[in-house]
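**Student:** Generate coordinates for the sequence data below:
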Amino acid sequence: MNNYEWSLDVLYKGFDDPKFEADMKAVDEKIAELNDFAANLGSMSNKDTLLGYVRISEELNQLASDLYSFAGLRSSTNARDNEANSAIGRLMGKLSATAKAETAAKKYIAGMDELDALIESDPILKDYEFMLKKIREQNKHLLSEECEQIMALYSITGAKAWGDLQGFLTSSVTADYRGEAINLSSVRNLAYDPDPAVRKDAYDAELACYEKIKDAVAFSLNSIKLEVINNTRLRGFESPLAQTLFQADMKRETLDALLGAMNDHFDIFRRYLKIKAKALGHKNGMPWYDMFAPMGGMDKKYTVEEARDYLLNIFKTFDKDLYDMVERAFAESWIDFYPRDGKRGGAFCSGLEGHKQSRIMTNFDGAFSDIVTLAHELGHAYHNLNIEDHRPLNNGYSMPVAETASTFNENVIMNAAIANASTDEEKLALIESQLMDVTQIICDIYSRYLFETGVFENRENEFMDAARMCEMMLDAQKKAYGDGLDHEVLHPYMWLCKGHYYSGGRSFYNYPYAFGGLFARGLYAMYEEQGESFVPLYKKLLHTTPVATVEDTAKVAGIDLTKKEFWAKSLESYKKNVDEFERLVNKLYK
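**Tutor:** Prediction:
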């Protein structure tokens, strides 16, 4: 296997591909058609209006999706790709011109007294029932057509531009690690190195490199959050969080139940951290630089081919569709594996709408955690697989359920691997890796939620410089991790390196990870009880996500998300993992 970078040929062969410019021109034509449609609202029957809006939107969405996916994916692996960045700017400029027409059309649709009856009268409209009824609800928060157009135009050079700046700076900054300049992704990957001296030096180098860009990124975050606050107020939302929950089709009661259960069960994960810290020779809790230290006998480095075989061997026992998709992902160049200069950090999965494929970016370094990351991102691809037969505009799902299939995949991989461990050393390594990951989605995610809440609460009356941001982040980490971490050795710059904060249209992209992790844990428990008979129900649940609220999606599996009990049961299931972890540590780390 030598296809270690993804291929985007299914979209375009390059920016010089004639199809690329043809599609750019087609976007202009489709936007003109949408504008003409909006200018003639009322000239046809309401049913024909709805069908016309759906048809134009489907066609424009496919064009825009192809163009933006191509340019965005190119940019994500090379921040200096000026052609990609220019193409994104061109496309954003074109699409911002649809805001006035979109607003007019949506207001007209929302005002249809017989909307419910029209939905029932046509199979296409029935397929879009959730979307059309959402348009009616969104109308309460829409501004005038002119205002929506102005806001769309200014967002390009506002929050979007500030977010791009953070992405550019973090992907291009270099860290001085032992006299060598390496990129941020590479130095952060060293946190998983088996050598404690390497981990400590990498941590110091990482923190030092943020000094170069901290002020510019602090300006970015301040600017984005103030724009969100102003947008929220203009649209009549009580707060940025209220707007986020509305966008997520999720009740506040569900979030309160989730966060409340997490707060009640921090002791499980703090206990794990203290056990690990003691085993590594620390007396005051875990210092940040050792939080991801490998334990047991899984210090092996995997090749991409070995990672593929490992995943396939486990997924074959779960679902053939998942197995076949993973085979395709590796064989057909869906994945961009290795870190390189200009490539953004972390990992993500992007669905190629209309092509029944996904693209996955990782910064593969060969650790077992990288196999888990691949499983996670392939879970997103599997989610995309299970919604591909929806109509084109039913191709998205809200933030909370977006992490369900990805984290379920992690459970499949980790539990099978633990069950098949051949030695105590291997079993310890696997259990520790699982606990490490869940501690991140409980304690770290809670700290991020606290931090972002504080930024929103302060921003209207205070510009928070880099030092203030660091102070707030440290305070949030202390509250979430408690005595599990050494309070003298935390990570003050977690606000800077996490791209989730830097979006004007997607605030609080933190709690969905905890939601997805615990929701998936509960679903996996059902799979363990029911076996193969659960898989069709699971697929039905994933299929439901684009066309139902978070709560109604969970009801497919008979789950009430507004009650603490479900979340508490998922959290308490980790107690036995910590017990086994402690037993193995006491045996192997005397």
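
**Student:** how about the strands of this protein, start to end?
**Tutor:** Counting by DSSP state E, the chain has strands at residues 174-177, 180-183, 335-336, 348-352, 357-361.

**Student:** who's in contact with the closest residue to residue 578 other than its chain neighbours?
**Tutor:** Residue nearest to residue 578 in three dimensions, not counting chain neighbours: residue 272, with 4.9 Å by CB to CB, 6 or more residues apart in numbering. (C-beta placed from N, C-alpha, C; glycine too.) By CB atoms under 8 Å, 6 or more residues apart in numbering, the contact set of residue 272 is 435, 439, 484, 578, 581.

**Student:** if you set the cut-off to 10 Å instead, what comes out?
**Tutor:** By CB atoms under 10 Å, 6 or more residues apart in numbering, the contact set of residue 272 is 286, 431-432, 435-436, 438-439, 443, 484, 574-575, 577-578, 581-582, 585.

**Student:** Return the member of the residues you listed nearest to residue 411.
**Tutor:** residue 438 (9.9 Å; CB to CB).

**Student:** looking at it, that closest one is touching residue 521, isn't it?
**Tutor:** Yes. Residue 438 lies in contact with residue 521 (CB atoms under 10 Å); the separation is 8.1 Å.

**Student:** Settle it for me: which of those two has more neighbours?
**Tutor:** The residue with more neighbours, out of residue 438 and residue 521, is residue 438; 26 against 21, by other CB atoms under 10 Å.

**Student:** quick check: longest helix of this protein.
**Tutor:** Criterion DSSP state H: the longest helix present in the chain is helix 46-77.

**Student:** in that one, what's buried?
**Tutor:** Using 16 or more other CB atoms under 10 Å as the test for burial, helix 46-77 gives 46-47, 49-54, 56-57, 59-77.

**Student:** quick one on the thing from earlier: just the buried ones from the contacts of residue 272, in ChimeraX syntax?
**Tutor:** The ChimeraX command for the buried members of these (criterion: 16+ other CB under 10 Å) is given here:
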select :286,431,432,435,436,438,439,443,484,574,577,578,581,582,585
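
**Student:** hmm, back to that, would you turn the strands of the chain into JSON lines with mean pLDDT, mean neighbour count and distance to residue 471?
**Tutor:** Output for the strands of the chain, formatted as JSON lines (pLDDT from 0 to 100; neighbours: other CB atoms under 10 Å; distance: least, CB to CB, whole Å):
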{"stretch": "strand 174-177", "mean pLDDT": "96", "mean neighbour count": "18", "distance to residue 471": "23"}
{"stretch": "strand 180-183", "mean pLDDT": "94", "mean neighbour count": "16", "distance to residue 471": "27"}
{"stretch": "strand 335-336", "mean pLDDT": "97", "mean neighbour count": "26", "distance to residue 471": "36"}
{"stretch": "strand 348-352", "mean pLDDT": "95", "mean neighbour count": "20", "distance to residue 471": "30"}
{"stretch": "strand 357-361", "mean pLDDT": "97", "mean neighbour count": "23", "distance to residue 471": "32"}
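
**Student:** OK, contacts around residue 506?
**Tutor:** So residue 506 contacts 159, 163, 228, 244, 247, 248, 399, 500, 512 (CB under 10 Å, 6+ apart).

**Student:** Could you tell me which residues touch both of residue 438 and residue 521?
**Tutor:** 407, 410, 411, 570, 571, 573, 574.

**Student:** Need the max-distance pair from these.
**Tutor:** Pairwise distances across the shared contacts of residue 438 and residue 521 (CB to CB) peak at 16.0 Å, for the pair 410 and 571.
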